[in-house]
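# take a look and give me a structure for this.
(one chain, ligands or ions: 2)
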Amino acid sequence: MDLHAPKPRGRGVSIRDLSVQFRTPSGSVVHAASNVELDVAPGECVVVLGESGSGKSVTARATMGLLEPNAHIASGSITLDGTELLPPGRAIEAARGRRISMVFQDSLSALNPVHTVGAQIAEMFQVHGKLSTRRARQETIQLMRKVAIPDPDRRFRAYPHQLSGGMRQRIVIAMALALHPQVLIADEPTTALDVTVQAGILDLLLGLVREEGMGLLFITHDVGVAAEIADRVVVMYAGSVVEAGTVEQVLVRPRHPYTRGLLQTAPSVSHARRDQPIAGSLPDPADLPTGCAFQERCPVAVPECHQVRPALLPVGGGQQVACHVEGADDD
Ligand SMILES: Nc1ncnc2c1ncn2[C@@H]1O[C@H](COP(=O)(O)OP(=O)(O)O)[C@@H](O)[C@H]1O
Ligand SMILES: [Mg+2]
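Ligands and ions are numbered 1, 2, ... in the order given. This is a model prediction of the structure:
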């Protein structure tokens, strides 16, 4: 029996109609995520793409049950392998770190500075996996090898500050993988790293998807990274999903004016110049306009866009677009 053959695990994550709001000290309500729809199947990489502040991390933290106390989940359902995770409580507590894990951008803050990295990975096996110290160490070395950390015996004894950013991120990924999660959420895990190191980490994550059937929800603001690893792309803008589909649909034949604008600012995907960003900036999430959130920046907006918020609707082939002008026909 080939133990290393791809074996899709579970049914993945399904997010339906997720709306998250924050109450600020001044009393205003930040609409961080609105009616988000998102699926990650086993063995696929779904990239959530959007500029800073579009609600990517809030969606991820909601899924992990890690939202701040001032967050209010106004609507929605999040299931992992068919189990409802909302409202956050025992279901996500039981799943977190075991069936679903998350890696953040800042590896240094994810690690304890006074313990060796080896001890921190081993602890996953000892505390959650109930392994002996010796077995935990063996598993740790094996896992460090799997995430391509050279000379794992020596690095086991290193402290976080003694490793490069890329090696530290691999340690954090190893910790997230220790208990063999069905789904991994990676929130801008390579944003702080240089391009070569980033490429190595993307390869590593994709390998886990392709070879082990893990579902990967990868968050980035970088169109080039999305093009490199995504099976499907979900584009977010001001807390809403504006477009979703396969990587070819969304990055080669985008329908939403925002996605088109994003691609024009990405030299690695289109041949447009980088000095043509989308004019304007994200609307204030505490004061979203009536209608489409992109209306102020949109080159094709019509009066309806100022009145009615466009729903995310199918436009064929599984692609979905939330746009009155470029989306599905009304009739
Ligand atoms: N704890 C919080 N309290 C208030 N507002 C928040 C909090 N966390 C996030 N936000 C707001 O929610 C919006 C979406 O944030 P986020 O999901 O972090 O964006 P992204 O990850 O796409 O850059 C932003 O306007 C952000 O300021
Ligand atoms: Mg973020």
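# please count neighbours and contacts with C-alpha atoms only from this point.
Fine.
# can you get me a residue count around K130?
Number of residues near K130 (other CA atoms under 10 Å) recorded here: 12.
# apart from its neighbours in sequence, what residue is nearest G76?
Closest residue to G76 apart from its sequence neighbours, by CA to CA, 6 or more residues apart in numbering: L18 at 4.0 Å.
# so the one you found is in which element?
strand 13-23 (DSSP states H and E).
# now do the following helix or strand past that strand: distance to the chain's middle.
Later in the chain than strand 13-23, the nearest helix or strand by DSSP H and E is strand 29-40. Chain-centre distance of strand 29-40: 13 Å, with CA atoms, centre = their mean, to the nearest Å.
# quick one: strand 29-40 near ligand 1?
Yes - judged by CA under 6 Å from any ligand atom, strand 29-40 and ligand 1 are in contact via V30, A32.
# next, the contact list for the residue in the stretch 101-250 of the chain that ligand 1 sits nearest to, please.
Residue nearest to ligand 1 within the stretch 101-250 of the chain (CA to the nearest ligand atom): G239, separated by 6.5 Å. Listed by CA atoms under 8 Å, 6 or more residues apart in numbering, the contact set of G239 reads H31, A32, A33, S34, V36, G53, S54, G55, K56, P285.
# beta partners for the first one?
Beta-bridge pairing of H31, defined through DSSP bridges, involves Q21.
# for it, what are its contacts?
Taking CA under 8 Å, 6+ apart, we find H31 in contact with S19, V20, Q21, F22, G239, P285, A286, L288.
# thought G166 was touching A199?
No - the criterion here is CA atoms under 8 Å, and G166 misses it with A199 at 10.3 Å.
# out of these two, which sits in the more crowded spot?
Taking other CA under 10 Å, G166 and A199 do not tie; G166 has more neighbours (21 against 14).
# excluding residues flanking it in the chain, which one is nearest the more buried one?
Spatial nearest neighbour of G166, excluding adjacent residues (CA to CA, 6+ apart): V197 at 5.9 Å.
# just say helix, strand or coil for that neighbour.
Using DSSP: H, G, I helix; E, B strand; the rest coil, the secondary structure recorded for V197 is helix.
# how many other residues sit next to it?
16.
# quick one, phi/psi of T79?
Backbone geometry at T79, expressed as degrees, to the nearest 10, gives phi -110, psi 150.
# what's the burial count for it?
Neighbours of T79 (other CA under 10 Å): 19.
# and the contacts of H31, which are buried?
S19, V20, Q21, F22, G239, P285, A286 (16 or more other CA atoms under 10 Å).
# can you list those residues in CSV and add pLDDT?
Formatted as CSV, the buried ones among the contacts of H31 follow (pLDDT from 0 to 100):
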residue, pLDDT
S19, 98
V20, 98
Q21, 98
F22, 98
G239, 98
P285, 95
A286, 95
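# OK, contacts around T24?
V30, N70.
# just V36 next, same as before
Shown in contact with V36 (CA under 8 Å, 6+ apart): I15, R16, D17, L18, S19, T59, G239, S240, V241.
# this structure: strands as residue ranges?
Along the chain, the segments classed as strands by DSSP state E run 13-23, 29-40, 45-49, 71-80, 83-84, 100-103, 183-187, 215-220, 232-237, 240-246, 313-316, 319-321.
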